[in-house]
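[1] predicted coordinates and the sequence they were generated for:
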Amino acid sequence: MQLILRSYQPEDVESLGKHANNFNISKYLTNKFPFPYEKKDGEAFIQLALSHNPLQIKAIEYNGEVIGSIGVHQLADIYSKSAEMGYWISEEHWGKGIVLVAVKEMLKYGFETFDIERIFARTSHTNLASQQVLKKAGFVFEAELKATIFKNGEYFDELIFGFRKNQLI
């Protein structure tokens with residue numbers, strides 16, 4: 001498996017659109033991730049990803065093609081020692097272990113790059129695959145918030161998983 005986490009490039013817009021335009025991906029993400037996913041959405045996302053220094057969002061490149069995205073976003077104010085991780089990957093690559101490798105690499109990057117002690121990720125109670133990835137990466141279940149997500153006309157429970165800097169080996 002040739003997996004690289006790297007900065008986005010303007011020419012990634014085509015493969016980004018190809019893989020992101022999928023309801024089965026968007027249903028698990030915030031409404032900032034549209035469906036249908038159009039070229040203009042990809043262009044705006046790449047611009048956003050490149051606007052942070054240091055990088056907070058990286059492209060997941062697999063065998064020479066961008067197939068997803070992963071980010072670590074440091075919070076502010078009294079939450080400044082925490083960062084939120086988010087990710088998605090093309091449906092055709094689900095179940096191959098790619099996200100697990102990307103998450104582990106991004107954990108290392110996050111703790112090396114930002115002055116943080118905790119990285120957390122949120123998922124809906126129905127996204128069992130993401131829950132498994134987080135557990136396999138060493139995240140610990142921290143909380144369940146009932147019916148806090150409203151997406152596509154339905155309520156979902158929000159599960160929060162955390163990873164502490166001292167867990168890094």
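    On my side now, so go ahead. Numbers count the residues shown, from 1 in each chain.

[2] for stretch 117-135, buried residues please.
    The neighbour-count criterion (16 or more other C-beta atoms under 10 Å) identifies 118-124, 127, 130-131, 133-134 as the buried residues of stretch 117-135. C-beta coordinates here come from the backbone N, C-alpha and C atoms, glycine included.

[3] buried residues in the lengthiest helix in the chain?
    Among the segments of the chain that qualify as a helix by DSSP state H, the longest is helix 98-113. Within helix 98-113, the residues that count as buried by 16+ other C-beta under 10 Å are 98-99, 101-107, 109-111.

[4] not counting its neighbours along the chain, what's nearest the residue nearest the centre of the chain?
    Residue closest to the average C-alpha location in the chain (C-alpha atoms, centre = their mean): Tyr87, at 1.6 Å. Computed as C-beta to C-beta, 6 or more residues apart in numbering, the closest residue to Tyr87 that is not its neighbour in sequence is Ile70, at 4.0 Å.

[5] what's the helix or strand harbouring Tyr87 packed up against?
    Taking DSSP states H and E as the criterion, Tyr87 maps to strand 82-89. Secondary-structure packing of strand 82-89 (3 or more C-beta pairs under 8 Å, 6 or more residues apart in numbering; DSSP states H and E): strand 65-74, helix 98-113, strand 118-124.

[6] can we see that at 6 Å?
    Packing contacts for strand 82-89, counted by 3 or more C-beta pairs under 6 Å, 6 or more residues apart in numbering; DSSP states H and E, involve strand 65-74, strand 118-124.
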